[in-house]
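# Predicted structure and sequence below. I'll ask about it afterward.
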Amino acid sequence: MTSQNLETNAKNTWCPGCGNFAILNSIKAVLKSIREEGTSLENVVLVSGIGCHAKIVDYINANSFYSIHGRATPAAEGIKLANPNLKVIGFAGDGDAYGEGLEHLIFAAKRNIDITMIIHDNRVYGLTTGQYTPTSPLGFKGRSTPGGSKERPINPLELMLASGATFLARGFSHGIEQLKKIFKEAINHKGFALVDVLQVCVTFYNMYEYYDKRVYELKDHDAGDYAEALNKIKEWNYHDDSKIALGVLYKKESPTFEEGLSSSGKSEIDVDSNIKSILAKTI
Ligand SMILES: Cc1ncc(C[n+]2csc(CCOP(=O)(O)OP(=O)(O)O)c2C)c(N)n1
Ligand code: SF4
């Protein structure tokens, strides 16, 4: 692959102005820089779920895998475990990852498996035209809640911190330079990294004006301090009005799941003969 050919022939069907374009352009820039630094893109695998966000893998000429609802995380985990030398980057929507697949995300964080999950958090089901999701605010009016949602949103970053994630960040689709920096740091992090991107769905939940007035970039924040990270993460609860911090909120070095597996003698297992003996018993 040359530096020019990350493009594909797939026709882009996202709505003009969709926040997914910022994520696409940022990740392409990061993949180019990773390659320039010497990592072959053959060693990178992109995984996506189902939803508008998921089409991102159609638009990048790299190894990729489409999973089903909520399963981008376990698919990414399986790929990483099958070949720990790969860099695995998962893309999922908030409906997909925080609704349909939430338990997978919690377990991936708990294991500290070395994958990066980028969540296109537009706070709405975009592809299926506007239902509320776990991060929609209380009172959200959409297709499934015309009288306003009666549930308070979850704070996904607080939940991921409590679950053991070792890298947590928030980006915004109006900040492409910052997105590039965050994605690069997340991908280089050894362990489970999650980036919650406030990815604006211009068609079903246009929050650009709201976010533009409230977002700010973290400065002098000690991402290694759990209590400080928790404080910053709780500053905005995805419902009440407040400032919204962008940047790396939490970062910690910790052994990964794969390291634990290899030190428990996985390499000594003869996979081929085990499979043969299982097959012999079942035939
Ligand atoms: C098992 C299953 N349940 C539901 C659907 C319908 N469905 C397709 S895309 C989608 C929404 C995905 O929303 P989100 O993850 O927020 O992604 P977005 O489209 O906003 O990027 C849903 C519910 C489906 N295709 N399969
Ligand atoms: S419906 Fe929303 S998320 Fe989907 S492409 Fe259009 S703007 Fe983007």
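Nice, thanks for sending it over. Numbering: from 1, shown residues only. Ligands and ions are numbered 1, 2, ... in the order given.
# contacts and neighbour counts: CA atoms only from here.
Noted.
# Run through the residues of the stretch 151-283 of the chain sitting next to ligand 2.
Contact residues, the stretch 151-283 of the chain versus ligand 2 (CA under 6 Å from any ligand atom): 201-204.
# Narrow the residues you listed to those that are buried.
Among these, those scoring as buried are 201-202, 204 (criterion: 16 or more other CA atoms under 10 Å).
# As a markdown table, these with secondary structure and pLDDT would be great.
Converted to a markdown table, these look like this (DSSP: H, G, I helix; E, B strand; the rest coil; pLDDT from 0 to 100):
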| residue | secondary structure | pLDDT |
| --- | --- | --- |
| 201 | strand | 98 |
| 202 | coil | 98 |
| 204 | coil | 98 |
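# Looking at these, which is nearest ligand 2?
residue 201 (3.7 Å; CA to the nearest ligand atom).
# can I assume that closest one is in contact with residue 22?
No. Taking contacts as CA atoms under 8 Å, residue 201 lies outside contact range of residue 22: 11.9 Å.
# Against ligand 2, how distant is residue 150?
Counting by CA to the nearest ligand atom, to the nearest Å, the gap from residue 150 to ligand 2 is 22 Å.
# mind checking how far that residue is from residue 95?
According to CA to CA, to the nearest Å, residue 150 stands 17 Å off from residue 95.
# So between the two, which is more surrounded?
Ranked by neighbour count (other CA atoms under 10 Å), residue 150 and residue 95 place residue 95 first, with 28 against 12.
# per-residue confidence at that one?
At residue 95, the model reports a pLDDT of 97.
# Who are the packing partners of the top helix by length along the chain?
Assignment by DSSP state H gives helix 20-36 as the longest helix of the chain. Judged by 3 or more CA pairs under 8 Å, 6 or more residues apart in numbering; DSSP states H and E, helix 20-36 is in contact with helix 176-188.
# Identify all contacting residues around the helix it packs on.
22-23, 25-27, 29-30, 87, 89, 115-116, 167, 169, 171-173, 193-195, 247-248 (CA atoms under 8 Å, 6 or more residues apart in numbering).
# circling back: JSON lines please, covering the buried ones among the residues of the stretch 151-283 of the chain next to ligand 2 and showing distance to residue 241.
Below are those laid out as JSON lines (distance: CA to CA, whole Å):
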{"residue": "201", "distance to residue 241": "20"}
{"residue": "202", "distance to residue 241": "20"}
{"residue": "204", "distance to residue 241": "20"}
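# from those, which is closest to ligand 1?
Using CA to the nearest ligand atom, these come closest to ligand 1 at residue 201, 7.4 Å.
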